[in-house]
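Undergrad: Here you go, sequence then predicted model.
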Amino acid sequence: MKKLSTVFVLILLLKITTVMAQENKARILVLIHSDNGGTYELAKEIASGIESGKNATAIIKQVKEAQNPKLKNIPIASVDELPSYDGIAFGSPVYFGNISTGMSEFLSKTVNLWTNHALEGMPATVFMSAGSGAGKELALNAFWNSLAVHGMVLVSNGIRGNETVNKSIPQGNTVLGITSMASLKDVERPTKDERGLAELQGRNFAKTALTLKGTFTKKQVIAANSEQSRDINELLKQKNIILPQVPQPAGNYKPYVRSGNLVFINQVALKDGKILNPGKLGVNVNENHVKEATKVTMLNVIAVLKEAVGGDLNKVKQCVQLTGIFNTKDDYTQHADLMNVASDLTVDIFGEKGKHARATLGASSIPVNSPVEIQAVFEVE
Ligand SMILES: Cc1cc2nc3c(=O)[nH]c(=O)nc-3n(C[C@H](O)[C@H](O)[C@H](O)COP(=O)(O)O)c2cc1C
């Protein structure tokens with residue numbers, strides 16, 4: 001018994017020590033945009049350098065979903081999470097002597113972080129994948145310009161590690177950060193030396209991040225920022241919300257009508273061409289069936305809405321009103337509970353813009369025996 005409790009105490013101590021060690025580690029985001037994977041190759045080296053000293057953790061994320069299968073499984077970063085790290089290594093392709101459009105779009109969503117001083121004092125370092133290398137220093141400089149505006153502490157490479165670089169071929173070493181020149185094919189890119197310098201950059205950056213850890217306030221810029229930076233199309237992907245095909249009208253009407261800035265939509269619980277859980281609540285379907293059907297109906301509404309805004313749900317300004325009509329018996333009173341499924345989904349997707357006026361009512365029958373019908377009014381750009 002005594003032996004058992006000693007083992008238990010030892011395990012507990014080990015666990016506490018492990019948790020404390022984790023907490024003392026610097027958490028560093030390696031945030032990339034990459035089209036063809038060149039930036040990602042450098043990112044992996046940077047990350048391995050960051051983790052080499054065992055006192056920092058590297059998390060590789062990308063600024064948006066990539067089409068390239070090599071990059072498909074890299075998680076997408078949100079703007080809101082940036083202030084939670086101890087440092088950020090930014091990587092991007094060189095586009096016309098500048099940062100890439102994808103990285104630029106992401107940074108343009110950080111206005112609220114900027115005005116709230118949320119990244120001030122946090123260390124940053126940059127790396128880039130170029131083609132021929134034309135304008136690579138200009139591009140790195142452009143990266144620094146944006147990050148300097150945020151008040152980040154910019155960590156350069158200087159000539160660190162250059163002594164051992166093979167100088168008989170063009171290499172992507174620069175004083176601001178490592179680059180690689182993907183279109184120079186005489187050797188595989190990134191070259192062995194470019195990879196080595198990227199690793200060194202990561203290692204040095206981790207040291208700086210660890211030293212500065214705790215010296216700047218990790219501000220949580222909430223609500224307003226997340227509202228402004230919320231990219232609804234990306235958010236649907238992150239939350240794995242898959243919109244169905246737009247149901248086709250069964251008569252002489254349209255899936256939606258736009259009048260001025262308002263879009264009017266009515267949908268029932270059609271899923272894959274059939275009504276999901278058809279029937280009357282309390283007779284042949286229960287509340288869970290109706291809630292399931294309500295979610296499907298609201299997804300149909302949002303699919304139609306997406307068509308109405310030309311595929312870009314960021315153009316939705318406000319969900320103005322939702323009306324839920326449920327196929328119920330005369331004495332049923334819990335309609336609001338059923339409709340919450342649609343309301344919660346709308347707020348989950350659109351945030352503040354998803355908050356709406358609402359009506360719910362029961363009906364003795366609903367077309368095609370759907371358990372629910374939703375009428376929706378949205379204001380759009
Ligand atoms: C729009 C555009 C502009 C580019 N401009 C430059 C440039 O100015 N200099 C350069 O060396 N490469 C340039 N490139 C090439 C990319 O930087 C290069 O293909 C890079 O390796 C891509 O990185 P990735 O593999 O991470 O997508 C450009 C590519 C595109 C698509």
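TA: Perfect, thanks for sending it. Residues are numbered from 1 along each chain as shown.

Undergrad: Surely residue 372 and residue 328 touch.
TA: No. Counting by CB atoms under 8 Å, residue 372 stays clear of residue 328, with 9.7 Å between them. For the C-beta atoms, the positions are set from N, CA and C on the backbone; glycine is no exception.

Undergrad: where exactly do the helices run in the protein?
TA: For the chain, the helices defined by DSSP state H occupy 2-24, 38-52, 101-108, 111-115, 136-149, 192-212, 224-229, 232-238, 287-308, 335-350.

Undergrad: Would you reformat those as TSV and include mean pLDDT, distance to the ligand and mean neighbour count?
TA: Listed next are those as TSV, based on pLDDT from 0 to 100; distance: least, CB to the nearest ligand atom, whole Å; neighbours: other CB atoms under 10 Å:
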stretch	mean pLDDT	distance to the ligand	mean neighbour count
helix 2-24	56	31	10
helix 38-52	98	3	23
helix 101-108	95	7	19
helix 111-115	91	24	16
helix 136-149	98	6	19
helix 192-212	98	12	22
helix 224-229	51	23	16
helix 232-238	86	19	15
helix 287-308	97	28	22
helix 335-350	95	30	19
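
Undergrad: Adding distance to residue 252, write those helices out as a markdown table.
TA: Formatted as a markdown table, the helices of the chain follow (distance: least, CB to CB, whole Å):
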| stretch | distance to residue 252 |
| --- | --- |
| helix 2-24 | 64 |
| helix 38-52 | 52 |
| helix 101-108 | 42 |
| helix 111-115 | 47 |
| helix 136-149 | 53 |
| helix 192-212 | 63 |
| helix 224-229 | 39 |
| helix 232-238 | 32 |
| helix 287-308 | 17 |
| helix 335-350 | 27 |
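
Undergrad: Now the residue in the stretch 151-300 of the chain positioned nearest to the ligand, what are its backbone angles?
TA: Minimum separation of the stretch 151-300 of the chain from the ligand (CB to the nearest ligand atom) falls at residue 182, amounting to 3.5 Å. Dihedral angles of residue 182 (phi, psi; degrees, to the nearest 10) stand at phi -60, psi -30.

Undergrad: List the contacts of it.
TA: By CB atoms under 8 Å, 6 or more residues apart in numbering, the contact list for residue 182 reads 36, 38, 129, 130, 131, 189.

Undergrad: Show me just the buried residues among the residues you listed.
TA: Using 16 or more other CB atoms under 10 Å as the burial test, the contacts of residue 182 include 38, 129, 130, 131, 189 as buried.

Undergrad: Check the gap between the first one and residue 112 for me.
TA: Okay, so that is residue 38. 31 Å (CB to CB, to the nearest Å).

Undergrad: Kindly report the same for residue 58.
TA: 26 Å.

Undergrad: and what of residue 265?
TA: 31 Å.

Undergrad: same question, residue 101
TA: Residue 101 is 21 Å from residue 112, by CB to CB.

Undergrad: Next: residue 334.
TA: 39 Å.

Undergrad: Also residue 173?
TA: 36 Å.

Undergrad: from what I can see residue 124 touches residue 91, true?
TA: No. Counting by CB under 8 Å, residue 91 is not a contact partner of residue 124; they are 11.3 Å apart.

Undergrad: The two: which is more packed in?
TA: residue 91 (32 against 25; other CB atoms under 10 Å).

Undergrad: For the more buried one, give the beta-bridge partners.
TA: Applying DSSP bridges to residue 91 gives these bridge partners: residue 32, residue 127.

Undergrad: Could you report the pLDDT at it?
TA: Note for residue 91: predicted pLDDT of 98.

Undergrad: hang on, it packs against residue 130?
TA: No. Contact between residue 91 and residue 130 fails when scored by CB under 8 Å: they sit 11.8 Å apart.

Undergrad: okay, now residue 64: neighbour count?
TA: 16.

Undergrad: Pull the contacting residues for it.
TA: 33, 76, 102, 105, 106, 234.
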